[in-house]
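Peer 1: Fold the following, please.
(one chain, ligands or ions: 2)
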Amino acid sequence: MSTAPAASDVVSVNVVVNGSPTHAVVAPRLLLSDFLRKQLMLTGTHVGCEHGVCGACTVLLDGMAVRSCLTLAAQCNGAEIETIEGATASGQAADLQQAFSENHALQCGFCTPGFIVSALEIIEDPASAGISPNELKELLAGNLCRCTGYAGIIRAVSQVIADRYKPAPSTSPSGPS
Ligand code: FES
Ligand code: FES
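Peer 2: Numbering: from 1, shown residues only. Ligands and ions are numbered 1, 2, ... in the order given. Predicted coordinates:
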């Protein structure tokens, strides 16, 4: 005998996605990745392994990089979510996009949204200014790429960090007048 869905079979979620307040009614077990891709049609968040291994599904949840395939949409109630669409539309990732292009840091591009979002979390922290390429490799080790060999990706992110945090030119005192 089939039973009608109980009220507890759905939950109400209020989130801000890429700056837009969004209300939705979702199944309690709906993954954030499926919510973004299938309900909000934000398909820039890619789904590779669906097991938290590849990092392709990375989004920012209240500024922190999370794997949306391991996060329930219902857990995000009250949170701000930023996807690759928001990061690129706002211009926040413009320098990363340019650096990825210049450094051949992508080929098929499947991993790229996840890398860009993970890199944003790192780069927006001023403490990243002193980071070495090896430390960067470790910080980005949760994102997998099958194409590039990673060297271009590390170069691109290092370049953006160097550009964003380069010391302001010192103003030399003017000479005697
Ligand atoms: Fe989420 Fe691979 S799809 S980590
Ligand atoms: Fe193809 Fe990274 S560019 S998986």
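
Peer 1: The chain: helices as residue ranges?
Peer 2: 32-34, 84-89, 94-102, 112-123, 133-139, 151-164 (DSSP state H).

Peer 1: Can you lay out those as JSON lines showing distance to ligand 1?
Peer 2: From N, CA and C alone the C-beta is placed, and that goes for glycine too. JSON lines is the format used below for these (distance: least, C-beta to the nearest ligand atom, whole Å):
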{"stretch": "helix 32-34", "distance to ligand 1": "6"}
{"stretch": "helix 84-89", "distance to ligand 1": "14"}
{"stretch": "helix 94-102", "distance to ligand 1": "19"}
{"stretch": "helix 112-123", "distance to ligand 1": "8"}
{"stretch": "helix 133-139", "distance to ligand 1": "16"}
{"stretch": "helix 151-164", "distance to ligand 1": "17"}
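
Peer 1: can the ones you listed go into TSV with extra columns for mean pLDDT, mean neighbour count and distance to ligand 2?
Peer 2: Putting the helices of the chain into TSV (pLDDT from 0 to 100; neighbours: other C-beta atoms under 10 Å; distance: least, C-beta to the nearest ligand atom, whole Å) gives the following:
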stretch	mean pLDDT	mean neighbour count	distance to ligand 2
helix 32-34	98	24	17
helix 84-89	98	20	14
helix 94-102	98	18	9
helix 112-123	98	24	6
helix 133-139	96	13	15
helix 151-164	97	19	8
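
Peer 1: Can you lay out the ones you listed as CSV showing distance to His46?
Peer 2: Shown next, in CSV, are these (distance: least, C-beta to C-beta, whole Å):
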stretch, distance to His46
helix 32-34, 9
helix 84-89, 9
helix 94-102, 15
helix 112-123, 6
helix 133-139, 20
helix 151-164, 15
